[in-house]
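K.L.:
Got a predicted structure here, sequence first:
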Amino acid sequence: RYLKWAHGRNSSGTAGTFLKSQEIINGEKIYYKLSNFDSEKGIIGHECVNEIIVDRLLEILGVEHLTYQLIHADVEIEDKVYDTWICASKDFKMRGETKTALDNYYQVNRLGNESHYEFCEQKGWKKYIDTMLVVDYLILNRDRHGANIEVLRNARKHTIRIAPLFDHGLSLFCSCYSDNEIEKFNILEDKPCQNFIGSRSVYDNLGLIEDKKNLFKGGLKPEHKDV
C-alpha cells in the first residue's frame, strides 16, 4: 500500500496503459505492474497471471526473456485498497546502458526503404525476431508494437543489443473477463494484433521465417502443461 501507482514511469519498459510503480530494494530497481484497472469496477484484468504463464513457457523453450514474480498484495489506488495480484520484475538494463524503442531506432538508422524485418536482419537480430514471431503466435500476443521491443546501447563501451523479450500481458485470454467469455473464445482464430514486425496477423507473420527449425533450445512435452 506504500507504492504510488501511475500510468507512466521511467523504466525498462514503455509507459503503457496499465498502472505501474517502482522501488529500490538493496540497491536494485524493481518494477511493478497491475492488471487492467477500472476506476469503477476495480482490477478487472488478469494480465499479471498471463505474464507468469508466458514466463514459464519461455523458460521451457529456452528463450531469453524478462522474468516476472507474481505477488499477492494489498494495493491502494485513489484511497481504496484492493486485494489483488501484481507482477514484479528487475531492470534488464545493465549499468551504463540507455534504452530506445525499436520503432524510433528504425526511423533514425534505416537504410532506404528496408522493411522492419529487413532492418532487424541487417542488424544481426534475425533469430531473435524469428523466435519472437513464433512466441507471439503461440500466445496470441496482441501488443508487440515498436516500443515493446527495445534496443539497449552503451555509448561508452560502444555496445548495442536487443532487450530480452518482455511485456506479454495482452495475450492468451486477455480480452475475456468472465468464464462465459472464455468458453466462447476461439483459440484458433487469427485475431488482429498490433505488430511492429510484419502484418497484423501473428499467423501470417510466420511466413517471414525462412528456417523454422532449431529456433528453440527446449521443446514442449506433455508434462509441461502442469508447469
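P.N.:
Arrived safely. Numbers count the residues shown, from 1 in each chain.
K.L.:
Not counting its neighbours along the chain, what's nearest K127?
P.N.:
For K127, ignoring the flanking residues on the chain, the nearest one in space by Cβ to Cβ, 6 or more residues apart in numbering is L215 at 7.1 Å. The C-beta positions use only the backbone N, C-alpha and C, and glycine is treated the same way.
K.L.:
quick one: the one you found and T131 touch, right?
P.N.:
Yes. Taking contacts as Cβ atoms under 8 Å, L215 lies within contact range of T131: 5.0 Å.
K.L.:
So between these two, which is more surrounded?
P.N.:
More crowded of L215 and T131, by other Cβ atoms under 10 Å: T131, with 20 against 17.
K.L.:
Quick check: which element contains the more buried one?
P.N.:
Applying DSSP states H and E as the criterion places T131 in helix 126-139.
K.L.:
Please work out the average pLDDT along that helix.
P.N.:
Average pLDDT, helix 126-139: 97.
K.L.:
Would you mind pulling the contact partners of the following helix or strand past that helix?
P.N.:
Moving toward the C-terminus from helix 126-139, the next helix or strand (DSSP H and E) is strand 143-144. Residues outside strand 143-144 that contact it (Cβ atoms under 8 Å, 6 or more residues apart in numbering): 132, 136, 167, 169-171, 193-197.
K.L.:
Buried by neighbour count, from those residues: which ones?
P.N.:
Among these, the ones that count as buried by 16 or more other Cβ atoms under 10 Å are 132, 136, 167, 169-171, 193, 195-197.
K.L.:
quick one: the closest residue to K33 other than its chain neighbours and V54, what's the gap?
P.N.:
Nearest residue to K33, sequence neighbours excluded (Cβ to Cβ, 6+ apart): C87, at 4.6 Å. Look at C87 and V54: by Cβ to Cβ, to the nearest Å, they are 11 Å apart.
K.L.:
Understood, closing this out.
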